[in-house]
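> Quick check, what structure comes out for this input:
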Amino acid sequence: MRYLLTIIVTGIALAIPVTSFCQPDTLFTRTYEDSYALGFLGLIQVNQGYVIGCEGFEIEENGIDFQLIKLDSLYEIEWRQYYHSGRNDNPVADVCYSVRHMPDGGYVLVGPTSGDGMLIRTDSDGEEIWRRFLIREDGLSVRLDCVVDIDGNIVVVGSNMAAKFSDENEGEEIWRQTYEGASNIHSIVALEEGGFAFTTYTSAFGAQGQDMYAARIDSEGEIIWQNSYGTEHTDWSKSIIQTTDGGFCLAGLTRDGGRENDHPLIIRLDSEGNELWQRYDEDGSGGIILSDVTETPDGGFVGVGYNPRQSGAYILVRTDYFGEVLWRVEWLARGDDDERGIGFGGFCYEILPMANGGYLLGGLDMHGDLEGVIIIGTEPDPVEIDFELELIGDSLDFGELKIDSTTMMDLPFTNIGRRYVVIDSLWFDGDSVFASPLEVPFRIDPLDTMFVPVNFTPSDDTTFSATMYLSYGDEQMLEVTLTGEGETPNSVRPDSRDIPLEFAITGIYPNPFNSTVRISFSLPEASLVKVGIFDIAGRQLEAYEQNMNIGRHHLTFKGEQKPAGLYIVKVNANGVTHVQKALLIK
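Prediction:
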């Protein structure tokens, strides 16, 4: 294999350099009178519009009712529906906390009512199909959230419990689970691979006082993993999402003393619940709570929140893939002369990405005569983060190989940027003797390396060539020239094989590494090879042992579940040991 040169390929994602720390302004606001959001708001995108789950008065004597508002694509109201518990003759507060879309186009709403809970199932026009009351003594109460599983059943969380209800059987309970140590669960997400994850706060599981808590459960509600996260202060988690790489992001607050010292807190987890990083934003006014979070196309995050001490302080915080704050914007209730055109006080609960690259925020407007649920649309996110892929060489020469035999070589691609890259297609132009068994699309995270295998199978005794293309991003392309020669068995020269002259570790790449490192070594003769990975204290973490032939060999060490730090790599063959160091960073 011969690499000719090192190239950096750069592509563009959005519009303004990251270092400018610009922030999006607002495009519009819409306030919907006769609607309220007391602590929580359900905002979801549906075909041709949006749906809001909130509260309102259908008949004043009933007290507060669940309210479902359907908006068209221009954010105008198509219809409203109200749902009153009707459990006694006295006015009660039926407070909708969450709304979800059902597979048949209908909706499900959940929230507290008169100290208990209520689950409402509707059709696509908001007409009620069935309802179920969730009795406080049963454990499902206080803060409530729900999701819909792949079979169309509904999972509700509240207090320290989760329960699944059958849609087909009008809310009949399927199972119920209790989670000791969890308090007031109020955010749950259905996972693409099945099962669910939820978040709240806890004083158990090694928490430092009170910490964020997250758990993943299977389709029957059984714990797969659970853990606590946070700072040395008091921490709450308000929202959980699953990220595009299968991990999770938690959003909430950390409190150092009184409420005036609340600061936005975002924690990033991998798919096994291990913490990757945590960031809290100390800029701006204190007292800020992050209530929701969404992932950006480059793998960063935008959190939305409010200041309960100052009815009217809304905040957006934008981070990159590593959690570094790129911009923040805070709006205060300053009256009609607000420079941003937002003269309101209230609370902000939800965030959704918009097709224009901006964000749609949902909350409660408490400004003057326009009191009601509000949505705010922002301009496109101004952050631009470059694609940065490093390819060691732009050509690959397989040398001579016997006809109809196959050899494989690897091309290493390293993401040296601050956003993830998805290779969405891979193809060859030229002789058909080259191929890759790798399936696309595949993703390369920042500071990670992907080894792309390429096979060469000569069909006759000629010289072959082709170009391999890999596309990613917005029409970005990598090109690699492939060459190789086919030889009949009798014409292969004895010295044509690439036989290493000595036993050696030939590479630890990349180093430092973020999640995966490739260990390369050469053998001048067939040997029993032992490879060990040790931490700095000398504890062996991984061990490989195998009889190997003459040639060059590679092993991969995965460090996703390992702490950052220095690791020792030892390779032993026929009693000889070579040692190198590898640095894991996160």
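> Pull the number of nearby residues for Ser459.
When neighbours are defined as other C-beta atoms under 10 Å, Ser459 has 12 of them. Where you see a C-beta, it was placed from the backbone N, CA and C, and this is true even at glycine.
> I figured it hits Asp404, correct?
Yes: using C-beta atoms under 8 Å, Ser459 is in contact with Asp404, at 7.0 Å.
> ok, Asp218 touching Gly195?
Yes: using C-beta under 8 Å, Asp218 is in contact with Gly195, at 4.6 Å.
> Which residues are in contact with each of the two?
Residues touching both Asp218 and Gly195 (C-beta atoms under 8 Å, 6 or more residues apart in numbering) are Ile224.
> and the two? which has more neighbours close in?
Neighbour comparison, Asp218 and Gly195: the larger count goes to Gly195, with 17 against 12 (by other C-beta under 10 Å).
> Return the list of helices and strands in contact with the host helix or strand of Met450.
For Met450, the element it lies in under DSSP states H and E is strand 449-456. With contacts defined as 3 or more C-beta pairs under 8 Å, 6 or more residues apart in numbering; DSSP states H and E, the packing partners of strand 449-456 are strand 395-402, strand 407-415, strand 434-435, strand 463-472, strand 476-487, strand 516-523.
> Indicate which one of those is closest to Arg268.
strand 407-415 (16.8 Å; C-beta to C-beta).
> From the contact counts, what lies against the closest one?
Secondary-structure packing of strand 407-415 (3+ C-beta pairs under 8 Å, 6+ apart): strand 387-392, strand 395-402, strand 442-444, strand 449-456.
> okay, the angle between that strand and strand 395-402?
For strand 407-415 against strand 395-402, the angle by axes from the mean of the first three to the mean of the last three C-alpha atoms, to 10 degrees is 170 degrees.
> Buried residues in strand 407-415, which are they?
Residues of strand 407-415 classed as buried: Met409, Asp410, Leu411, Pro412, Phe413, Thr414, Asn415 (neighbour count, 16 or more other C-beta atoms under 10 Å).
> How about the contacts made by the closest residue to Thr29 other than its chain neighbours?
Excluding its sequence neighbours, the residue lying closest to Thr29 (C-beta to C-beta, 6 or more residues apart in numbering) is Ile376, at 5.0 Å. By C-beta under 8 Å, 6+ apart, the residues touching Ile376 are Thr26, Phe28, Thr29, Tyr314, Ile342, Cys348, Leu360, Leu361, Gly362, Gly363.
> quick revisit: nearest to Asp256, out of the helices and strands packed on strand 449-456?
strand 407-415 (35.5 Å).
> With only the CA atoms kept, save that closest one in PDB.
These are the backbone C-alpha positions of strand 407-415, laid out as PDB (Å, rounded to 0.1, in the frame of the first residue of the first chain):
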ATOM      1  CA  THR A 407      -6.800  -8.900  -0.800                       C
ATOM      2  CA  MET A 408      -8.200  -6.100   1.300                       C
ATOM      3  CA  MET A 409      -6.700  -2.800   2.300                       C
ATOM      4  CA  ASP A 410      -8.100  -0.100   4.500                       C
ATOM      5  CA  LEU A 411      -8.400   3.600   3.900                       C
ATOM      6  CA  PRO A 412      -8.500   5.700   7.100                       C
ATOM      7  CA  PHE A 413     -10.800   8.700   7.200                       C
ATOM      8  CA  THR A 414     -10.400  11.000  10.300                       C
ATOM      9  CA  ASN A 415     -12.900  13.600  11.200                       C
END
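> separation between Val569 and Leu584?
The spacing between Val569 and Leu584, counted by C-beta to C-beta, to the nearest Å, is 12 Å.
> Actually, Glu222.
Distance, Glu222 to Leu584, by C-beta to C-beta: 32 Å.
> Between those two, tell me which one has more neighbours.
Neighbour totals were compared for Glu222 and Leu584, and Leu584 leads with 20 against 10 (other C-beta under 10 Å).
> Model confidence at the closest residue to that one other than its chain neighbours, what's the number?
Among residues not flanking Leu584 along the chain, Gly559 sits closest, at 4.7 Å (C-beta to C-beta, 6+ apart). Here, the pLDDT recorded for Gly559 equals 81.
> the bottom helix or strand of this protein by mean pLDDT?
Every helix and strand of the chain was ranked by mean pLDDT, DSSP states H and E. The lowest is strand 16-17, at a mean of 29.
> Sheet-wise, list the partners of the next helix or strand after that strand with their directions.
Sequence-wise, the next helix or strand downstream of strand 16-17 (DSSP H and E) is strand 26-33. Strand pairing for strand 26-33, using DSSP bridges, gives strand 372-378 (antiparallel).
> The following helix or strand past the strand it pairs with pairs with which strands?
The helix or strand immediately downstream of strand 372-378 is strand 383-384, counting by DSSP H and E. Strand 383-384 has its sheet partners listed here by DSSP bridges as strand 16-17 (parallel).
> gap between the nearest residue to Pro563 once chain neighbours are set aside and Ala93?
Sequence neighbours aside, Leu584 is the residue nearest to Pro563 in space, at 7.6 Å (criterion: C-beta to C-beta, 6+ apart). Distance of Leu584 to Ala93, computed by C-beta to C-beta: 52 Å.
> And the strands in the stretch 251-400 of the chain?
262-269, 275-280, 289-295, 301-307, 313-319, 325-331, 346-353, 359-365, 372-378, 383-384, 387-392, 395-402 (DSSP state E, counting those that start in this stretch).
> If we go by neighbour counts, what in the third one is buried?
Looking back up the chat, that one is strand 289-295. Neighbour counts over strand 289-295 (16+ other C-beta under 10 Å) mark Ile289, Leu290, Ser291, Asp292, Val293, Thr294, Glu295 as buried.
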